[in-house]
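K.L.:
here's a sequence, model it:
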Amino acid sequence: MIVTVAVVQMVATAEVAENLAAAALLLDRAAAQGARLVLLPENFALMGREETDKLAIMEADGEGPIQDWLAAQARRLGLWLVGGSMPLAAGDGRCHAACLVYDEQGQRRARYDKIHLFDVDLGGGESYRESRSIAPGKEPVLVATPWGRMGLSICYDLRFPELYRAYAGAELLVVPSAFTQRTGLAHWDVLLRARAIENLAFVLAADQGGDHDNGRETFGGSQVIDPWGTVLGRLDKGPGVCMAHLDLDFLGQCRAALPALEHRRACRPPLTKQYRQNPAVAGS
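P.N.:
Numbers count the residues shown, from 1 in each chain. Have a look, this model is predicted:
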């Protein structure tokens, strides 16, 4: 079985209506080229001038204009739509960064809340504190699609392979993102290929890619990778659509030839500090 997919790259602004209009045009382009499954990037509806700007547009779970827009686009184009991330109320004054999945009828099939939050100091005055406005999610989410199981994640999650091990056996992994230029240049491509190879799965990664109203530069590089680590399509900078054809029979061949998922073994806890300092303790 072969399915055509697309990842959408944006340079989102601080205006929701502007972003949704731009995303709709890119979705139209993907659908016109035969996409059955499309992934939007993280923060597709808003890249605010301040980290807390997203709180002004957060919605209650299950209702709101951005959620309605996602459902309408999926239904209008007759495709599965993975809605990158958008803010849903967390109940503590913050929001969850939620990835919502809609089927071709516009019915919601899954919600994943970003677990790992980007609280970092990169140096040179570049720092981020997502936890000020975002409450962390708690659980991995795996959703059944017509093309296999799909594991959901968002951006900074990419650095935590244990999350993707929770999706072991899934055919598809999605990574909507807004990677910074600095971290993207150093780590984006290699981490995506690692997640594909170690899990023998297709990886779809939709990134923001350009200069935003808040002065932040995102990396771009949206791409689709097969289970052998081959990049099937990749963008550079700027808005665009990356198309790819996923051969699910090839995925089965990869897993049969290299059944690494079947070879996994539970690892013991690491050696204690006492043992490392005094090997003689091993005999006691």
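K.L.:
going by C-alpha atoms from here, please, whenever you check contacts or count neighbours.
P.N.:
Noted.
K.L.:
dihedrals phi and psi, Gln9?
P.N.:
Main-chain torsions, Gln9, degrees, to the nearest 10: phi -110, psi 140.
K.L.:
run a quick neighbour tally on it.
P.N.:
Neighbours of Gln9 under the rule other CA atoms under 10 Å: 34.
K.L.:
Arg29 contacts Cys242, correct?
P.N.:
No. Counting by CA atoms under 8 Å, Cys242 is not a contact partner of Arg29; they are 10.1 Å apart.
K.L.:
so the two - more neighbours on which side?
P.N.:
Between Arg29 and Cys242, Cys242 has the larger neighbour count (other CA under 10 Å), namely 23 against 16.
K.L.:
for that one, what are its contacts?
P.N.:
When contacts are counted by CA atoms under 8 Å, 6 or more residues apart in numbering, Cys242 is found next to Ala6, Val7, Val8, Gln9, Ser222, Gln223, Val224, Gly233, Arg234, Leu235.
K.L.:
which residues sit in contact with the first one?
P.N.:
Which is Ala6. Ala30, Ala35, Leu37, Val38, Leu39, Val241, Cys242, Met243, Ala244.
K.L.:
which residues does it bridge with?
P.N.:
Per DSSP bridges, residues listed as beta-bridge partners of Ala6: Val38, Met243.
K.L.:
model confidence score at Leu40, please.
P.N.:
We have a pLDDT of 99 for Leu40.
K.L.:
how about it: what's its closest non-neighbour residue?
P.N.:
Nearest residue to Leu40 in three dimensions, chain neighbours excluded: Gly84, at 4.6 Å (CA to CA, 6 or more residues apart in numbering).
K.L.:
what's the spacing between the one you found and Gly91?
P.N.:
To Gly91, Gly84 is 21 Å away according to CA to CA, to the nearest Å.
K.L.:
touching, Thr4 and Ala31? I think so.
P.N.:
No. In this structure Thr4 lies outside contact range of Ala31 using CA under 8 Å: 9.6 Å.
K.L.:
pLDDT score for the residue nearest to Leu40?
P.N.:
97.
K.L.:
list the buried residues in stretch 238-251.
P.N.:
Gly238, Pro239, Gly240, Val241, Cys242, Met243, Ala244, His245, Leu246, Leu248, Leu251 (16 or more other CA atoms under 10 Å).
K.L.:
what do you get for stretch 46-62?
P.N.:
Leu46, Met47, Gly48, Arg49, Glu51, Lys54, Leu55, Ile57, Met58, Glu59.
K.L.:
now do it: distance from first to last residue.
P.N.:
19 Å.
K.L.:
and that stretch, how far from the chain's centre?
P.N.:
18 Å (CA atoms, centre = their mean, to the nearest Å).
K.L.:
switch to numbering from 382
P.N.:
Shifting the count to begin at 382 puts that one at stretch 427-443.
K.L.:
which stretches in the stretch 482-631 of the chain count as helices?
P.N.:
542-546, 562-564, 570-580, 629-638 (DSSP state H, counting those that start in this stretch).
K.L.:
need the contact partners of the second one.
P.N.:
Spelled out, it's helix 562-564. By CA under 8 Å, 6+ apart, the list of residues contacting helix 562-564 reads Glu598, Thr599, Phe600, Gly601.
K.L.:
could I get the average pLDDT for that helix?
P.N.:
95.
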